[in-house]
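A.B. asks: Pasting the sequence and the predicted coordinates here, then a few questions.
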Amino acid sequence: MANYLDKMKTIGDEIAATGKVTDEDEMVGYILNGLDFDYNPIVSSILGRTNPIIMSDLYAKLLSYETRLEMFREDGGHYQSSVNVASRGRGGRGRNSHGHGQGGRSGGGRGNGGMPKQQ
């Protein structure tokens, strides 16, 4: 994506050097039209905006979207979101055998006044 955006910027600069004025909206259109099918969701999102997108925001969104695409591709399309991973890993982490969080009133540990640990 970075190479593609650099190439599009170069083309825009070359067009400007000929004296033809190309505004940002027109360049956004050229950039979006040059993207392949994998980018249709982000293209639709950008085209559906009520306010025009500025070039720096377009670049940031496209680079971010490409990163997300790569996450899915690297794992063969089986990428699990961090929400799924986080909820799966919760199973009592940070809890003692009494169900209290760390630092809870489970007996042993600092500050228990020397009382024996409750079972």
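C.D. replies: Arrived safely, thanks for sending. Residues are numbered from 1 along each chain as shown.
A.B. asks: Could you use CA atoms for every contact and neighbour count after this?
C.D. replies: Fine.
A.B. asks: for this structure, what spans make up the strands?
C.D. replies: Ranges of strands in the chain, per DSSP state E: none exist.
A.B. asks: Output the longest helix belonging to it.
C.D. replies: If you go by DSSP state H, the chain has its longest helix at helix 55-74.
A.B. asks: Give me the average confidence score over that one.
C.D. replies: Over the span of helix 55-74, the pLDDT mean works out to 92.
A.B. asks: And the helices in this structure?
C.D. replies: For the chain, applying DSSP H gives helices covering 2-17, 24-33, 40-47, 55-74, 82-88.
A.B. asks: Against which helices or strands is the second one packed?
C.D. replies: Okay, so that is helix 24-33. helix 2-17, helix 55-74 (3 or more Cα pairs under 8 Å, 6 or more residues apart in numbering; DSSP states H and E).
A.B. asks: now with 10 Å?
C.D. replies: In this structure, helix 24-33 makes packing contacts with helix 2-17, helix 40-47, helix 55-74, judged by 3 or more Cα pairs under 10 Å, 6 or more residues apart in numbering; DSSP states H and E.
A.B. asks: With distance to residue 32 and mean neighbour count as added columns, please give these in JSON lines.
C.D. replies: Below are these laid out as JSON lines (distance: least, Cα to Cα, whole Å; neighbours: other Cα atoms under 10 Å):
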{"stretch": "helix 2-17", "distance to residue 32": "10", "mean neighbour count": "13"}
{"stretch": "helix 40-47", "distance to residue 32": "6", "mean neighbour count": "14"}
{"stretch": "helix 55-74", "distance to residue 32": "9", "mean neighbour count": "14"}
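A.B. asks: between those helices, which gets nearest to residue 34?
C.D. replies: Closest to residue 34 of the helices and strands packed on helix 24-33, according to Cα to Cα: helix 2-17, at 9.1 Å.
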